[in-house]
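**Q** next comes the sequence, and after it the predicted model I'd like to discuss.
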Amino acid sequence: DAKTTQPTSMDCAEGRAANLPCNHSTISGNEYVYWYRQIHSQGPQYIIHGLKNNETNEMASLIITEDRKSSTLILPHATLRDTAVYYCTPSNDYKLSFGAGTTVTVRA
Amino acid sequence: DTAVSQTPKYLVTQMGNDKSIKCEQNLGHDTMYWYKQDSKKFLKIMFSYNNKELIINETVPNRFSPKSPDKAHLNLHINSLELGDSAVYFCASSHHSKQETQYFGPGTRLLVL
């Protein structure tokens, strides 16, 4: 299983973009990169996922490097409600492998 | 309408007891999961069922037994509860294919005294 490395924590100003990096250098060719977040011990919430191409949805954008060894989740205009732990996880064979994630604190 | 629901939300019990946690999804998904989140907040998969068939069984004590009466339900029964079983247990579901997005329930907070 691919392992991921994320910063432990990150602060962001409200209204600014938040860029969350993730290193997944051992990801295999058929593994998607998924991003979830967990707000104050609620159930993890799906944000976005991708395989090779960059992706965008109503919540965020996902930039995946060409070699697929890392990715960046972009929250374009962070709000206080985006304060959460963000997890980058490969998905293979039904399994998600959550690491420690990045604790993002959005400040007013 | 809640997509993935779990009962109970909180469960406090004595060591040695047997307890069950229930999970239901109304998304029409074929695959359901149980995850455990310990005090250090690491989220680890325990089991996965696809169409009522066990497909993932991680290194979990055999005191834990999942049961899937139908595709919409995956219950977790725990025998002889131990202090170390205290954690938050999350149920999730997804469509049948291996790369599908998983949708999580709100969690069941289990405290073993």
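**A** Yep, that arrived.

**Q** residues from chain A in reach of chain B?
**A** Within chain A, the residues that sit near chain B (CB under 8 Å from any CB of the partner chain) are A:32, A:34, A:38, A:41-46, A:49, A:85, A:87, A:91-101. Every residue, glycine included, has its C-beta placed from N, CA and C.

**Q** check what pLDDT residue 75 gets.
**A** You didn't pick a chain, so chain A it is. Per-residue pLDDT puts residue A:75 at 97.

**Q** my bad, chain B
**A** For residue B:75, pLDDT reads 95.

**Q** swap in residue B:86?
**A** Here the pLDDT value assigned to residue B:86 is 96.

**Q** what's the neighbour count on residue A:47?
**A** Counted by other CB atoms under 10 Å in any protein chain shown, the residues lying close to residue A:47 total 21.

**Q** so it, which of the three states?
**A** Following DSSP: H, G, I helix; E, B strand; the rest coil, the label given to residue A:47 is strand.

**Q** quick one: it and residue B:51, what's the gap?
**A** 27 Å (CB to CB, to the nearest Å).

**Q** the helices in the chain, which residues?
**A** No chain specified, so I'll use chain A. Along chain A, no stretch is classed among the helices by DSSP state H.

**Q** um, chain B though
**A** Under DSSP H, chain B gives no helices.

**Q** would you mind listing what in it touches chain A?
**A** Contacts of chain B with chain A, taken as CB under 8 Å from any CB, map to B:4, B:31, B:33, B:41-45, B:48, B:50, B:55-56, B:88, B:90, B:92, B:94, B:98-99, B:101-107.

**Q** PyMOL command to pick out the buried ones of these?
**A** Burial among those is assessed by 16 or more other CB atoms under 10 Å in any protein chain shown; the matching PyMOL selection reads:
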select buried, chain B and resi 4+31+33+43+44+45+48+50+56+88+90+92+94+98+99+101+102+103+104+105+106+107
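
**Q** sitting in strands, which of the residues of chain B next to chain A do you find?
**A** Within these, residues falling in strands by DSSP state E are B:4, B:31, B:33, B:43-45, B:48, B:50, B:55-56, B:88, B:90, B:92, B:94, B:103-104.

**Q** quick one: least confident helix or strand in chain A?
**A** Lowest by mean pLDDT, DSSP states H and E among the helices and strands of chain A is strand A:95-96, with a mean of 80.

**Q** what about that strand, distance to the chain center?
**A** Counting by CA atoms, centre = their mean, to the nearest Å, strand A:95-96 is centred 15 Å from the centre of its parent chain.

**Q** now do that strand: which elements does it pack against?
**A** Counting contacts by 3 or more CB pairs under 8 Å, 6 or more residues apart in numbering or on different chains; DSSP states H and E, strand A:95-96 is packed against strand B:43-50.

**Q** which strands border the strand it packs on, and is each parallel or antiparallel?
**A** Using DSSP bridges, strand B:43-50 pairs in its sheet with strand B:31-37 (antiparallel), strand B:53-57 (antiparallel).

**Q** in chain A, what residue comes closest to chain B?
**A** The nearest approach of chain A to chain B comes at residue A:43, 3.5 Å away (CB to the nearest CB).
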